[in-house]
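Undergrad: this is a predicted model, with the sequence first.
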Amino acid sequence: MILKNIFFNFIFIFIFSTNINAITLDLGSTLLGDSGGGNFNLDETLELQDQILTDYLKGSSEFNKALVIIMDAYDLKDESAKLQSQQNFLDGSDIETSNFKDNMKEVAVLHKDSVKLIEKKISSGAKLDDAGKAKLATAYPPFFSGLVKTGLAVKLGLDTFKSIKDEGKKNPMILTKFSNLMVIAKEVGTSMPKMIKTSSLLINYGKDNGIEIPSEAKKQQSDLSGMF
C-alpha cells in the first residue's frame, strides 16, 4: 500500500512539473512575441526603441548646438554653458548606461527652458547687434535640421509607445523594458508643439531683421508645421 501511494505521488509530481514548465514556456513565448497569435514582438520592438533613441540623440545633438549658438548670440553665458555641458552625452552616449535616462530627462528640461527663453526674447522685441545677428544666422541650419530629426524620432516613439502600453495591459512587465522610450514620449513629446511654435518665431525674426535664412531651413519649417 505504501509503495502504491509513493508511485501515485511520483506520477502526480511529474505531471504537475511538466505542466508548470509548459506554462512558463508559453508565457515566455508570448512576451517574446513568438506565440503566433499576436502582432507584438518584444525583440523587434526593443530594436526599434534603440533606433528611436539613436535618431533622437542625433537630432538633439544638432538642436543642442543650435541652442548654444542662440544663447551666445544673446550673451546668455550661463544658459549656454549648461547646454554645452550636455553635448558630449548627446554626441556619443551609450544607450545601455545606467544614467542614460536621467541624462535624457536633464536634456529635455534644458531644451524646454531654452525654447521658452528664445520665445521670451523674440516676443519682447529684444534686439541683437550686427555681431549677434551674424552669430544667430549660423544657428538656423542645425536648429531646423536637428528639430526635424528629433521630431521624427519623437513621433515614431509616441506611436511605438502606444502599442507598448496596449501590450502592457496584458503583460505589465513589458513596460519596464521601455523606460527610455517613456522619457521621449512623456518629456520630449509634450515639448514638441512649443518647440515648433518657437521655430516659426525664429523664421519670422530672421525675416524681419535681414537675416538670410537657408532655403532648406524654410522647407524644414514647413515639414515641422504638420508633424504634430
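TA: Nice, thanks for sending it over.
Undergrad: the helices in the chain, which residues?
TA: Along the chain, counting by DSSP state H, helices occupy 2-31, 42-73, 77-84, 87-92, 100-123, 130-137, 140-168, 179-183, 192-208, 215-225.
Undergrad: any chance of the ones you listed in TSV, with mean neighbour count and mean pLDDT too?
TA: All C-beta atoms are positioned from the backbone trio N, CA, C, and that covers glycine. Listed next are those as TSV, based on neighbours: other CB atoms under 10 Å; pLDDT from 0 to 100:
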stretch	mean neighbour count	mean pLDDT
helix 2-31	10	40
helix 42-73	20	96
helix 77-84	16	97
helix 87-92	15	92
helix 100-123	17	95
helix 130-137	15	95
helix 140-168	20	94
helix 179-183	18	91
helix 192-208	17	94
helix 215-225	15	92
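Undergrad: what about the most centrally placed residue in the chain, distance to residue 133?
TA: What sits nearest the mean C-alpha location of the chain, by CA atoms, centre = their mean, is residue 184, with 3.2 Å. For residue 184, the distance to residue 133 (CB to CB, to the nearest Å) stands at 34 Å.
Undergrad: now residue 55
TA: Distance, residue 55 to residue 133, by CB to CB: 32 Å.
Undergrad: domain ranges for this protein?
TA: Listed by automatic domain parsing, the domain ranges of the chain are 1-38, 41-225.
Undergrad: start to end distance for the longest one?
TA: I take that to be domain 41-225. Distance between the two ends of domain 41-225: 33 Å, counting by CA to CA, to the nearest Å.
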